[in-house]
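Trainee: predicted structure and sequence below. I'll ask about it afterward.
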Amino acid sequence: MSVTKKNIDLLILNGLIVPVTGPNQVIENGAVAVDKGRIIEVGTTDTLKEKYIGKKVVDARNKAVMPGLINAHCHFLQDFLKGSRDDLPLIDWIDQVSFPRIKLAVQDYLSGRYELQTFAAIHGCITNIKSGITSVVNMEWATPVETIKVYEDIGIRAAHTLTITDNHNWTPPEAILSNEVLFNLADELNQLCKVSKDNRVSFWYGIACPNSCTPEMLTKVRELANMKHIPIHIHLAETEYEYNSFTKNFNRTPTAYLKDIGVLGNDVLAAHCIWLTDEDIKILKETGTSVVHNPECNMKLASGIAPIAKMLKEGINVSLGTDSCAVNDNTDIFQTMRIAVMLQRVANLDSMIVSSYQALEMATIGGAKSLGLGDQLGTLESGKLADIILVNLKSANMRPINNIVNNLVYCAQSGNVDTVIINGNIVMENKVMLTINEEEALYEAEAYALRRFKEAGLSIPSYYLKSLEEGKE
Ligand SMILES: [Zn+2]
């Protein structure tokens, strides 16, 4: 009996499917059917070939097919700072590296020069997608509305976070927008995100850290978040300095302080969460606050070790982030997964603590829950949004495959990512970006940023300037 096959947008065939629906759930010679931006079925190639005709067919032979990875904490503007410093503690790093660029971006915004942030968004989207990242939480300062169009056009899924700060003792005045300008911009960005293409971009409030805002501002952000249903992203308990200053000045930990003000909640994503007491961990759990772990940045800046194993045991939702390229210095979230496991093991002197599968869960399901999209993203299952990546298993660094989850977490690198599908659209195929000319866009973005930094009196390595002056190769 012949069965009429259904025409669908995309059929991925012959892959090794890692759906992240359980530690040992793998489909050999598997297939994924995608239509109208969603996964409609996951099964064997033989079964799905019988049922569907894909307008586009992707042959995933010798490739792992897995959910797109979620980078739950990064700062695109600092993409331009890869490899720039290796010799500063966090506090000096913020003063000497981070704030001069942030001040420039804020001042540029106020004078109507929008290119720096727009080019940063282009650069960040490309580097993240090339690493197999399909969703980002990008925390920025004073971004023009043009940024939203960049996410839409390049095809990434994004939670765009506008940083709010009003504490003049913590933030240089040149980096502070007036309340009027700030909240007008927030409303404008929020409106655009609400009607973003494929509903791919959402708007979030950002709080740089508990020190960066007055208690009045923290309360205001919470009220606005409740009223407008906008999530909040914050750096929390990142440094010993922050922990000590809160315990000294307020007789409370930074986490307890935020809880008492009412900021924490299940719409909050807190980055780092290193300096926590057991009581703080309870607070995060009780408030339903999600955590994003950035182990590489924490290690490079010697900020400390977040008690991730403990948080996972408590059932707190943990996701992974690369943080900025100035403190990491890459967007390779495969490395982040690997290091997240290893750091917990050495910290706890326990080789059984945090498994490779848990790392994979943090980079997929944990990220999806952090975005408030736990029922929409994070696994390859029928009904979920089609954010899917293909990882080449034939590369020398991946071979041989003894356990696909272990190989993905311990052997894979971002360079092994072959194809990236976001919302059912192929954004990168066979390592080639389809939505933008990668080389031209990266060059143009870097050329602008470096010239702008130079013009503003910020240091730029001479060899980099020379290569820019000589033009593209
Ligand atoms: Zn950060």
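Mentor: Happy to help now that I have it. Numbers count the residues shown, from 1 in each chain.

Trainee: does Thr435 touch Ile426 like I think?
Mentor: No - proximity of Thr435 to Ile426 does not meet the contact threshold set by CB atoms under 8 Å, at 9.1 Å. Placement of C-beta: from N, CA and C, glycine included.

Trainee: off-centre distance for the helix or strand harbouring Ile39?
Mentor: According to DSSP states H and E, Ile39 maps onto strand 38-44. Distance of strand 38-44 from its chain centroid, counting by CA atoms, centre = their mean, to the nearest Å, is 26 Å.

Trainee: please apply the same query to stretch 265-281.
Mentor: Distance of stretch 265-281 from its chain centroid, counting by CA atoms, centre = their mean, is 18 Å.

Trainee: what mean pLDDT does it have?
Mentor: Stretch 265-281 shows a mean pLDDT of 98.

Trainee: buried stuff in it?
Mentor: Using 16 or more other CB atoms under 10 Å as the test for burial, stretch 265-281 gives 265, 267-276, 280-281.

Trainee: ok, now stretch 314-322?
Mentor: Within stretch 314-322, the residues scored as buried using 16+ other CB under 10 Å are 316-322.

Trainee: need the residues you listed in JSON lines with pLDDT, distance to Thr289 and secondary structure, can you?
Mentor: As requested, the buried residues of stretch 314-322 are exported to JSON lines (pLDDT from 0 to 100; distance: CB to CB, whole Å; DSSP: H, G, I helix; E, B strand; the rest coil):
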{"residue": "Ile316", "pLDDT": "98", "distance to Thr289": "8", "secondary structure": "coil"}
{"residue": "Asn317", "pLDDT": "98", "distance to Thr289": "8", "secondary structure": "coil"}
{"residue": "Val318", "pLDDT": "98", "distance to Thr289": "11", "secondary structure": "strand"}
{"residue": "Ser319", "pLDDT": "98", "distance to Thr289": "12", "secondary structure": "strand"}
{"residue": "Leu320", "pLDDT": "98", "distance to Thr289": "16", "secondary structure": "strand"}
{"residue": "Gly321", "pLDDT": "98", "distance to Thr289": "15", "secondary structure": "coil"}
{"residue": "Thr322", "pLDDT": "97", "distance to Thr289": "21", "secondary structure": "coil"}
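
Trainee: quick revisit: show me what the helix or strand just after the strand holding Ile39 is packed against.
Mentor: Per DSSP H and E, strand 38-44 leads on to helix 45-51 as the next helix or strand towards the C-terminus. Using 3 or more CB pairs under 8 Å, 6 or more residues apart in numbering; DSSP states H and E, the elements in contact with helix 45-51 are strand 6-17, strand 27-35.

Trainee: buried stuff in the last one?
Mentor: Of the residues in strand 27-35, 27, 30-35 count as buried by neighbour count, 16+ other CB under 10 Å.

Trainee: equivalent analysis for stretch 231-251, please.
Mentor: Result for stretch 231-251 [16+ other CB under 10 Å]: buried residues 231-239, 242-243, 246-247.

Trainee: again, but for stretch 361-372
Mentor: Buried residues in stretch 361-372, counted by 16+ other CB under 10 Å: 361-372.

Trainee: quick one: contacts of it?
Mentor: Here stretch 361-372 makes contact (CB atoms under 8 Å, 6 or more residues apart in numbering) with 20, 66-72, 135, 137, 159, 202, 231, 267, 269, 290, 292-293, 317-320, 333, 336-337, 340, 374, 376-379.

Trainee: looking at the residues you listed, which are in helices?
Mentor: If you go by DSSP state H, these have 333, 336-337, 340 in helices.
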